[in-house]
Every structure is written in structure tokens, then in C-alpha cells.
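> The following comprises the amino acid sequence and a computationally predicted model.
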Amino acid sequence: MSSTSIILSTLNARYIHASLGLRYLLANMGELRASTRLIEFIINSRPVDIVETLLSNKPQIIGLGVYIWNAEETLQVVKLLKKVSPETIIILGGPEVTYEVEQQEITALVDYVITGQADIEFRNTCLSILNNLKPLQKIIKPQPFKLSEIKLPYDEYTDEDIKSRVIYVEASRGCPFKCEFCLSSLDKTVSPFELTLFLGEMQKLYDRGVRSFKFIDRTFNLKIATSIKIMEFFLSKMETDKVYLHFELIPDHLPEKLKAVMQRFPEDSLQFEIGIQSLNPDIQDIISRKQDNEKVESNMNWIRNNTSAHIHADLIIGLPGETLTSFATGFNELVAMNPHEIQVGVLKRLRGTPIIRHSDEYDMRYSPTAPYEILSNNIIDFSTMQKLKRFARYWDMIANSGRFKHTKMFLLGNKPFENFLHLTTWLHTETDQTHKIALPRLFSLLFSFMTTVLKLDGQETIKFLLRDYEDSGIKGQAKFMLQADDKVIKPFKRRSESRQKRHQTKG
């Protein structure tokens with residue numbers, strides 16, 4: 001057996017993302033741990049370079065984690081691996097290859113596929129291969145296990161990970177809800193890790209210097225007593241140090257006891273990801289989503305007005321039955337709740353999810369390649385869906401970026417969706433770009449749109465844009481001010497000249 005017999009690998013979306021799933025596998029390799037190595041890549045690396053690195057270790061087995069964001073790139077890596085080194089055993093795992101296995105090109109190319117949670121099964125499969133007791137089946141379905149049977153993965157985060165990457169943690173697995181667009185709808189229940197053991201691992205991470213913890217639990221506030229104990233644990237650290245926490249919350253479940261704990265967190269220490277997805281009761285019924293919209297609104301407003309938490313809310317474009325008008329209504333209602341960010345996501349047909357049952361009735365057409373985004377349905381045609389996707393991209397660029405926090409609400413007015421969709425159409429016509437618009441140019445474009453298309457007051461527009469421009473760090477005069485006539489710009493000339501002199505003095 002070579003010094004590195006087994007490689008665990010995946011292609012992450014960005015370097016800062018560290019695969020928690022692979023670290024679970026690594027932590028549970030048992031007697032094979034010493035001969036197993038974890039190597040991560042990013043999706044924009046060249047497949048041939050990835051293959052060269054993997055094979056330079058001369059492994060007998062390569063385990064690859066396949067996800068919706070890396071499926072196409074991983075397929076190219078597998079093709080090259082099997083061309084260059086057909087004798088190397090390749091084992092796939094991950095949500096992308098857990099369902100519809102026989103229909104995928106990538107699974108036909110490899111030696112084994114482990115469907116489902118592979119924390120224990122990957123080690124067992126490797127043992128069988130290395131001892132010439134190969135599994136009888138190519139498709140391996142893991143046996144159920146209790147979370148108490150697996151070793152927690154947090155020691156597998158390296159010092160480099162702690163220094164420069166996102167540290168993901170989970171206090172539980174599973175989800176009790178059945179939202180049909182989500183893979184978690186296939187879970188039967190929620191299973192918590194033993195709390196004392198989990199908090200002991202969090203203490204170890206804290207002692208090693210971790211100050212930002214991103215919880216991936218789907219329903220962090222499902223069991224309130226546990227939620228409070230976890231939050232109290234981190235609050236005790238904040239007496240002497242600053243800690244940042246990210247939790248995903250159930251939006252209509254916020255008892256008073258939990259509210260009281262939330263209020264104790266200081267500024268810039270707490271982020272809540274709140275999956276709204278749709279505020280239309282009819283659509284919620286179609287996709288089997290149970291949500292009390294009145295409680296959602298009440299809880300969102302309470303968090304915004306009574307805590308310092310940063311709120312990241314999610315909304316989905318393209319759900320079956322959702323019209324442009326009903327989506328606009330839900331979007332405007334969510335904007336009125338004033339979260340710090342609204343992530344406008346595009347519906348994806350994740351393999352195995354029940355959303356596929358609506359394909360015929362609603363003529364749901366998805367891209368045949370990952371990430372399998374909705375292209376059109378019987379209500380929203382392809383052209384309109386493309387416009388909505390651009391809406392999502394521009395919303396990220398302008399509203400979610402934080403660069404236009406003063407301008408945003410003036411721009412949106414009392415018709416947020418309508419105004420921003422109008423901006424989306426105009427911006428795409430003017431630039432033919434949805435990426436890499438230089439920030440100074442974006443300021444000028446917004447000024448033009450707000451004053452010439454929406455016909456908003458020029459002085460008010462400049463007032464808001466100038467406040468954001470001064471916060472942006474851009475040096476020099478704001479070029480958008482050159483677009484205004486003397487009457488409009490006169491009150492701001494002295495202020496702008498003074499700012500320019502300050503920059504010259506600093507330079």
C-alpha cells in the first residue's frame with residue numbers, strides 16, 4: 001500500500017469554500033486515515049491540471065464529491081482520468097449522483113457510486129477494494145446509521161483553512177418539511193448531534209482561532225431549547241472576543257425565549273438566512289410548503305427592528321403556477337419587510353426532488369445541463385424567464401452589494417419590482433452586460449436611468465448617489481455629476497470640490 005492510497009477530492013465553487021462532506025469522510029477513514037489525502041480544487045481550474053495533480057500522488061482510489069455546481073467540470077475530470085489512468089479506481093458520491101444514477105454519463109464512466117450519506121460506507125468500500133474484496137454492486141446504497149456512530153470532522157480543518165476559508169459546521173442533519181424543490185424534502189426527520197460533544201468541538205475550533213461559524217443546519221430553530229444553548233455558548237465567547245455566526249431559520253417559528261437571546265447579540269455578529277421562497281399561498285400549496293405568511297412578516301419585522309442581525313432572505317423565480325404578477329406581489333411584500341439582502345434564486349430541478357411531478361401539468365422546461373435552471377413554463381415564456389434571470393443578477397450587483405444602500409430605496413419607490421424590472425431591461429439594452437460593469441460607470445448608468453427614464457428629481461437622485469459614492473472608496477470626481485445641468489448640480493458643486501481636495505491632500 002502506497003503512502004497515499006486514497007485521495008478524497010472535489011471541485012469547490014471558490015477557494016474559500018471548504019468541503020465539510022469530504023472532511024466527514026476523512027475523519028471516518030479509521031485504519032485507512034494515514035494513507036488518505038484530501039485535495040480540493042476550484043471549478044475554474046483546468047481539468048487537465050486537476051488530473052495531473054491527482055495522479056502525481058499515484059493513488060489506487062480517487063473519491064470525488066459531485067454537486068450541482070461542479071457536475072459538468074467533474075465529468076471532464078473523470079473522462080481524462082479514465083483515459084490517462086484507467087486502472088485508477090474512481091468512486092463518486094454526493095447529492096448530484098445520489099439520484100437518477102443510471103441516467104448520467106459520469107456514473108457510467110466510473111467504478112463505483114455511493115448514493116446517500118457515505119460517512120461510513122466510503123471507508124468500507126475502500127477496505128473491500130484494497131483487500132481485493134470488491135463490492136458486488138457498482139451502485140452502493142449505504143446502510144442507515146446513527147450520528148453517534150460517526151466521528152466529527154472538525155479536526156480535519158487545517159490551520160490554513162481556519163486562516164482563510166469558511167468554516168462550516170452542523171448541529172443536526174435533515175429537515176422535517178417537504179418543499180418539493182429541495183433535496184431536504186426527501187429526509188424523513190431531523191437528527192441532532194449530541195449537544196455536549198458538538199459544543200466541545202466548537203470549543204476546540206474556537207481555541208484554534210475560528211471566529212466565524214457557518215451553520216448549515218436546514219432548520220436551526222426547530223428545537224428552541226437546543227438553539228438557545230448553542231447561541232448561549234457563543235454569547236459567552238463574545239464577552240472577550242468577536243464571533244460571527246450564520247444560521248438558517250424557519251421564518252414562522254420564533255418563540256419569545258429565542259427572541260430574548262437574539263437581542264443580546266452585538267452588532268456584526270449574527271446573520272440569519274431566511275428561506276421565504278414564495279409568499280403566495282396557492283404556490284406554497286402546489287409545492288407542499290407549509291408557511292404562515294402572517295407570522296413570517298411579523299417575525300421578519302421584529303428581527304429587523306429589534307436585533308442587530310443581518311437578514312438574508314431567499315425568493316425563487318419560476319415555481320409552478322407562479323405568474324409574473326404574483327411573483328411581483330411577493331417580491332414587493334418582501335422588500336417592505338426590509339431585509340438586508342434578498343437572494344432572488346432561479347428554480348433548479350435538483351435530481352431526485354419531487355418538483356418533477358409538476359413538469360407535464362405546468363410544462364416545466366429545464367436546462368439539460370447543470371445547474372438545471374428553469375427555462376420556461378406554461379405561464380412564463382423563455383424570453384421573460386431570461387429577463388427575470390437578469391433581474392436576479394442586477395439585483396445582486398446593485399441592491400445586495402451594499403454599495404447603493406442610500407440610493408436603493410429611492411430607486412425602488414413604492415413599486416420595487418416594477419421599477420427594478422424596468423431598470424433591468426434598460427441596463428441590458430444599454431450595456432449588453434450582466435457582469436463586470438465598472439463601479440463608476442454603474443453610478444452614471446443609475447443616474448441616467450433614474451433621471452431620464454423614471455424621471456425622478458435630479459437633486460434628490462444626486463443626493464442619494466453621492467452619499468453612496470463617497471462611501472464607495474472611488475477616488476476623484478463623481479462622473480455622473482457631469483451629466484446633470486448646472487441648475488441641478490449647483491448645490492453639490494462645493495461639496496464635491498471639497499471632497500476632491502481632501503483626496504488630493506491625502507495622496
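Received the coordinates, thanks.

> where are the low-confidence patches of the stretch 401-507 of the chain?
Applying pLDDT under 70 to the stretch 401-507 of the chain picks out residues 486-487, 490-507.

> Okay, strands next: where are they in it?
In the stretch 401-507 of the chain, no strands are defined using DSSP state E, counting those that start in this stretch.

> mind listing the helices for it?
407-412, 416-431, 439-448, 458-472, 486-506 (DSSP state H, counting those that start in this stretch).

> and if you look at the stretch 251-400 of the chain?
Per DSSP H, counting those that start in this stretch, the stretch 251-400 of the chain carries helices over the ranges 256-262, 281-286, 293-306, 324-337, 382-398.

> do you know which of those helices lies nearest residue 79?
helix 382-398 (29.3 Å; C-beta to C-beta). Using the backbone N, CA and C atoms, a C-beta is placed for each residue, glycine as well.

> which SS class is residue 113?
strand (DSSP: H, G, I helix; E, B strand; the rest coil).

> re the thing from before, rebuild the helices of the stretch 401-507 of the chain as CSV, extending it with mean neighbour count and distance to residue 381.
Converted to CSV, those look like this (neighbours: other C-beta atoms under 10 Å; distance: least, C-beta to C-beta, whole Å):
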stretch, mean neighbour count, distance to residue 381
helix 407-412, 19, 26
helix 416-431, 17, 15
helix 439-448, 18, 27
helix 458-472, 18, 34
helix 486-506, 12, 40
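
> could I get those as TSV with distance to residue 323?
Formatted as TSV, these follow (distance: least, C-beta to C-beta, whole Å):
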stretch	distance to residue 323
helix 407-412	21
helix 416-431	12
helix 439-448	29
helix 458-472	32
helix 486-506	39
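
> quick revisit: quick one: the helices of the stretch 251-400 of the chain as TSV, columns for distance to residue 347 too.
Formatted as TSV, these follow (distance: least, C-beta to C-beta, whole Å):
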stretch	distance to residue 347
helix 256-262	31
helix 281-286	11
helix 293-306	20
helix 324-337	11
helix 382-398	10
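
> separation between the spatially closest residue to residue 15 that is not a sequence neighbour and residue 23?
Among residues not flanking residue 15 along the chain, residue 42 sits closest, at 5.6 Å (C-beta to C-beta, 6 or more residues apart in numbering). Residue 42 sits 17 Å away from residue 23, going by C-beta to C-beta, to the nearest Å.

> ok so, going back, local confidence estimate at the residue nearest to residue 15?
Per-residue pLDDT puts residue 42 at 96.

> Report the secondary structure element holding residue 123.
helix 121-130 (DSSP states H and E).

> and that helix, what does it pack onto?
strand 61-65, strand 89-93, strand 112-114 (3 or more C-beta pairs under 8 Å, 6 or more residues apart in numbering; DSSP states H and E).

> what comes up buried for that helix?
121-126, 129-130 (16 or more other C-beta atoms under 10 Å).

> Looking at those residues, spot the one nearest residue 163.
The nearest member of these to residue 163, counting by C-beta to C-beta, is residue 122 at 27.6 Å.

> how near is the closest one to residue 35?
14 Å.

> do the same with residue 342
Following C-beta to C-beta, the distance that separates residue 342 from residue 35 is 47 Å.

> from memory residue 268 sits against residue 244, does it?
Yes. If you go by C-beta atoms under 8 Å, residue 268 and residue 244 touch, sitting 7.1 Å apart.
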